[in-house]
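Trainee: pasting the sequence and the predicted model now:
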Amino acid sequence: MTTVEKPAVNGANSDGPSCRFCAAPLHATVVDLGMSPLCESYLRSDQLNQMEPFYPLHVYVCEECFLVQLEQYVSPQHIFTEYAYFSSYADTWLQHAKRYTEAMIARFGYDSASQVVEVASNDGYLLQYFVEKGVPSLGVEPAANVARVAIDKGVPTRIEFFGAACARQMAAEGLSADLLIGNNVLAQVPDLNDFVAGMKILLKPGGVITMEFPHLMRLVEENQFDTIYHEHFSYFSLITTEKIFAAHGLRIFDVDELPTHGGSLRIYACHTDDARPFSQHLIDLRQRELAAGVASLTYYAAFEEKVKETKRKLLDFLINAKREGKCVVGYGAPGKGNTLLNYCGIRTDFLDFTVDRNPYKQGMYLPGTHIPIRHPDQIREARPDFVVILPWNFKEEIMRQLAYIGEWGGQFVVPIPETRVYQPEYA
């Protein structure tokens with residue numbers, strides 16, 4: 001471990017929690033976003049006058065392994081047993097999944113004799129493309145309501161949480177994976193060591209793991225603080241992820257940098273004794289992270305002030321818009337939007353309503369802020385002056401879908417990395 005200088009990073013807590021990977025005490029704060037409800041805990045109208053649980057969104061960085069993380073306040077069962085996020089409602093995400101399937105088959109030659117397993121497989125958004133190609137596929141998804149959608153699509157799915165015990169049971173049944181996939185799940189696992197140990201158990205000799213997760217460097221450098229919420233327990237650099245995998249007999253041999261979710265990594269891992277060479281891209285990214293200072297506390301020290309300034313700029317914009325009598329609505333009801341709105345104190349005094357394509361959310365209310373969620377057709381009826389795009393990682397897709405707001409002079413607002421107004425490309 002490189003010896004690092006330890007400046008004061010927004011205070012220290014002598015009785016703080018311990019790192020979920022290496023168990024070192026956590027003292028250094030990256031950012032404190034105050035108290036917030038669970039970001040996917042949408043409310044029915046009859047729940048609006050009931051007490052709502054709020055939990056701290058206080059982000060620490062471990063001074064030993066540099067894993068950035070939240071404390072765990074609720075169990076995964078509480079969050080994920082019935083879940084409101086369905087991957088298939090984002091067209092660009094489906095295209096991403098299809099391209100991934102084609103790339104993996106082309107690179108590794110998967111066919112009818114192979115076994116693909118995806119953990120946290122959601123509604124079958126990805127495995128459906130392997131099924132179409134005749135590649136045996138199995139999903140593991142804890143949210144029963146979401147898993148049932150996958151099963152109805154013809155994607156075999158086990159309804160359970162993945163970890164070492166689940167992997168041992170699958171192995172006892174004769175299952176093992178040539179390709180083991182985990183997209184946007186590593187951040188959502190409180191027991192990292194159990195989860196990665198499970199992947200080691202389930203992976204065939206010569207098999208490949210791919211995992212995608214938001215890249216910590218992008219979060220810090222592009223001020224993506226709204227991607228922090230209770231469902232995301234950890235935030236990963238390549239360097240720290242390599243340490244976690246190595247501790248469980250796995251080795252990362254390649255990495256792709258992706259535009260998804262504001263900038264993600266796709267890592268490729270194998271058993272430690274696998275002879276695959278390290279890719280040059282992996283070597284280069286590791287060096288870039290070290291040069292940027294990811295393995296030093298100094299790297300994280302200025303983040304909280306950037307977050308506060310983003311809040312001030314967004315509130316300035318909204319206050320001025322409402323004083324001028326403008327109608328402002330939201331687009332989307334994503335987890336990141338709930339972090340942003342609760343941290344900034346934005347309720348129906350600023351956003352009249354938001355809309356979402358997911359019928360599971362329509363007619364519900366956002367947690368904490370109680371902003372109503374409506375069908376997207378309501379935008380055409382309300383003719384707002386501004387549409388605030390909460391899932392900013394899909395802003396191009398959304399701006400194309402809603403280009404018609406140009407009919408009445410409507411404009412788009414994207415709040416991250418700072419508040420920007422966009423004119424619709426309306427012909």
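Mentor: Nice, I can see it.
Trainee: just so I have it, where are all the helices in the stretch 1-150 of the chain?
Mentor: Assigned by DSSP state H, counting those that start in this stretch, the helices in the stretch 1-150 of the chain fall at 76-80, 91-108, 127-132, 144-152.
Trainee: biggest helix in the chain, by residue count?
Mentor: helix 303-323 (DSSP state H).
Trainee: for the protein, name the helix or strand with the lowest mean pLDDT.
Mentor: None of the helices or strands of the chain scores lower by mean pLDDT, DSSP states H and E than helix 76-80, at a mean of 58.
Trainee: could you list the low-pLDDT ranges of this structure?
Mentor: 1-16, 75-90, 426-427 (pLDDT under 70).
Trainee: longest strand anywhere in it?
Mentor: Looking across the chain with DSSP state E, the single longest strand is strand 203-214.
Trainee: list the buried residues for that one?
Mentor: 203, 207-214 (16 or more other C-beta atoms under 10 Å). All C-beta spots, glycine's among them, are computed from the backbone N, C-alpha and C.
Trainee: which of the residues you listed lies closest to residue 316?
Mentor: residue 214 (27.4 Å; C-beta to C-beta).
Trainee: looking at strand pairing, list the partners for that closest one.
Mentor: Counting by DSSP bridges, residue 214 forms beta bridges with residue 264.
Trainee: so what's it up against?
Mentor: Residues in contact with residue 214 (C-beta atoms under 8 Å, 6 or more residues apart in numbering) are 184, 187, 224, 227, 235-236, 261-264.
Trainee: most neighbours, which of these?
Mentor: Counting neighbours by other C-beta atoms under 10 Å, the top entry in those is residue 236, with 26 neighbours.
Trainee: give me the phi and psi for that residue.
Mentor: phi -120, psi 130 (degrees, to the nearest 10).
Trainee: contacting residues for it?
Mentor: 67-68, 186-187, 213-216, 265.
Trainee: looking at those residues, which is nearest residue 425?
Mentor: Closest to residue 425, out of all of the contacts of residue 236 and judged by C-beta to C-beta, is residue 214, at 27.9 Å.
Trainee: roughly how far apart are the closest one and residue 145?
Mentor: 25 Å (C-beta to C-beta, to the nearest Å).
Trainee: from the chain's centre, how far out does whatever helix or strand comes next after the longest helix of the chain sit?
Mentor: For helix 303-323, the succeeding helix or strand toward the C-terminus, using DSSP states H and E, is strand 328-331. Put simply, strand 328-331 sits 22 Å off its chain's centre (C-alpha atoms, centre = their mean, to the nearest Å).
Trainee: now strand 328-331: buried residues?
Mentor: 328-331.
Trainee: any chance of those in a markdown table, plus distance to residue 277?
Mentor: A markdown table is the format used below for those (distance: C-beta to C-beta, whole Å):
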| residue | distance to residue 277 |
| --- | --- |
| 328 | 53 |
| 329 | 52 |
| 330 | 47 |
| 331 | 45 |
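Trainee: in the stretch 151-300 of the chain, which spans are strands?
Mentor: In the stretch 151-300 of the chain, the segments counted as strands under DSSP state E, counting those that start in this stretch are 157-158, 177-183, 203-214, 234-235, 250-258, 264-271.
Trainee: now those as JSON lines including distance to residue 112?
Mentor: Below are these laid out as JSON lines (distance: least, C-beta to C-beta, whole Å):
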{"stretch": "strand 157-158", "distance to residue 112": "20"}
{"stretch": "strand 177-183", "distance to residue 112": "12"}
{"stretch": "strand 203-214", "distance to residue 112": "16"}
{"stretch": "strand 234-235", "distance to residue 112": "36"}
{"stretch": "strand 250-258", "distance to residue 112": "25"}
{"stretch": "strand 264-271", "distance to residue 112": "23"}
